[in-house]
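Engineer: Return a 3D structure for these sequence lines:
(one chain, ligands or ions: 1)
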Amino acid sequence: MTTPRIPFVRHEHNPILTANDIPYECNTVFNGAACRFRDQYVLLLRVEGLDGHSHLTLAFSDDGYTFRVQEKPWVLPSDDPEFEPYERYGIEDPRITQVGDTYYITYTAYGPHGPRGAIGRTTDFVHFERVALATEVDNKDGVLFPETIDGDYVMLDRPAGFGGQSGSIWIARSPDLVHWGRARVLMSSRAGWSNSKLGASTPPIRTERGWLFLYHGVRVTGSGRLYRVGAALLDLECPERVIGYTPHFIFGPEEPYERTGDVPNVVFPCGQIVEPDGTLRIYYGAADTCIGVAEAPLDEIIELASRDPATIPTT
Ligand code: BMA
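Structural biologist: All right, here's what the predicted structure looks like:
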């Protein structure tokens with residue numbers, strides 16, 4: 001059987017979360033992180049208030065499709081003087097990576113100096129502790145690997161290049177999650193569906209073929225930006241080495257709720273769950289307005305990401 005070019009199937013009740021599902025007044029809910037915790041599915045939602053600033057709110061589910069959203073925000077922009085100047089305009093686009101019993105949450109801190117990558121953690125989804133502002137400004141899309149490699153924490157991120165005109169995925173290492181270095185370019189945009197910017201979408205998953213992660217590619221068109229999704233494989237021992245990636249996008253905006261909203265033509269996965277039967281379930285922001293869920297066999301994504309490795313430009 002041949003692997004379909006677009007292997008993802010949307011849930012029949014998409015969008016599974018909209019602003020109407022948030023128990024307090026807000027503008028939108030989108031770009032949510034996901035994990036399993038004590039037999040429940042957890043979503044950490046980016047909720048944008050009517051003031052245009054975002055915060056993070058928790059939602060829980062037994063089946064991963066119907067979520068109970070908490071009454072109040074879980075993480076608000078910090079008033080700690082170390083973080084406050086950098087979170088003043090909001091906290092955005094969380095991703096969750098479980099390392100042992102700790103759930104690390106990478107997110108974008110947004111303030112007057114621009115966006116920067118931040119890291120927090122929890123062990124119980126009650127208490128949230130900030131760990132570090134891990135990058136300088138003009139950086140987004142930080143995702144952490146679920147294991148240390150050679151004793152180092154490893155993170156993908158996306159510094160803006162040339163005054164924001166380009167955006168490549170970079171990889172960096174840290175002994176302690178606070179001090180980051182050895183940064184180098186991993187993948188850059190290419191002519192075609194991702195001709196403008198790339199950014200990591202979901203945290204890497206260990207597979208037999210390498211670390212698999214989803215990324216978004218941005219195409220600039222005559223009527224705005226198109227956000228679509230690809231997948232890449234990195235070497236297990238040396239994640240600085242790209243093994244392969246999908247030559248085409250594997251998910252993109254098609255449905256009305258993805259084509260229309262505050263920012264049209266955007267699908268933006270931040271959350272994923274690998275089900276015991278090998279299904280990869282992704283949670284994605286649609287048009288910066290609501291949240292959808294889609295599923296694909298993990299094996300098919302790996303197959304697509306293994307194609308044509310010889311054509312990979314890394315710079
Ligand atoms: C990116 C991020 C995302 C957003 C996307 C589309 O730069 O800011 O939060 O979903 O743009 O607007």
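
Engineer: residues contacting the residue in the chain positioned nearest to the ligand?
Structural biologist: Closest residue of the chain to the ligand, Cβ to the nearest ligand atom: residue 263 (3.8 Å). C-beta coordinates here come from the backbone N, C-alpha and C atoms, glycine included. Going by Cβ atoms under 8 Å, 6 or more residues apart in numbering, residue 263 touches 287-289.

Engineer: Can you give me the neighbour number for the closest residue to residue 264 other than its chain neighbours?
Structural biologist: Spatial nearest neighbour of residue 264, excluding adjacent residues (Cβ to Cβ, 6 or more residues apart in numbering): residue 287 at 5.5 Å. As a burial measure, residue 287 scores 25 neighbours (other Cβ atoms under 10 Å).

Engineer: Please report how far residue 287 lies from residue 255.
Structural biologist: 9 Å (Cβ to Cβ, to the nearest Å).

Engineer: what does the stretch 1-150 of the chain put close to the ligand?
Structural biologist: 31, 92-93 (Cβ under 6 Å from any ligand atom).

Engineer: By neighbour count, which of those residues wins?
Structural biologist: Ranking these using other Cβ under 10 Å puts residue 31 first, with 29 neighbours.

Engineer: Just after the helix or strand of the chain with the lowest mean pLDDT, pick out the following helix or strand.
Structural biologist: Within the chain, no helix or strand scores below strand 166-167, which has a mean of 86 by mean pLDDT, DSSP states H and E. Going down the chain from strand 166-167, the next helix or strand is strand 169-174, by DSSP states H and E.

Engineer: Within the sheet, what are the partner strands of that following strand, with directions?
Structural biologist: Paired neighbours of strand 169-174 in the sheet (DSSP bridges): strand 153-161 (antiparallel), strand 181-187 (antiparallel).

Engineer: contacts for whichever helix or strand comes after the shortest one?
Structural biologist: To tie it back to what came earlier, the one meant is strand 181-187. Once strand 181-187 ends, the next helix or strand along the chain (criterion: DSSP H and E) is strand 197-200. The contact list for strand 197-200 (Cβ under 8 Å, 6+ apart) reads 140-143, 156-158, 166-169, 187-189, 213-218.
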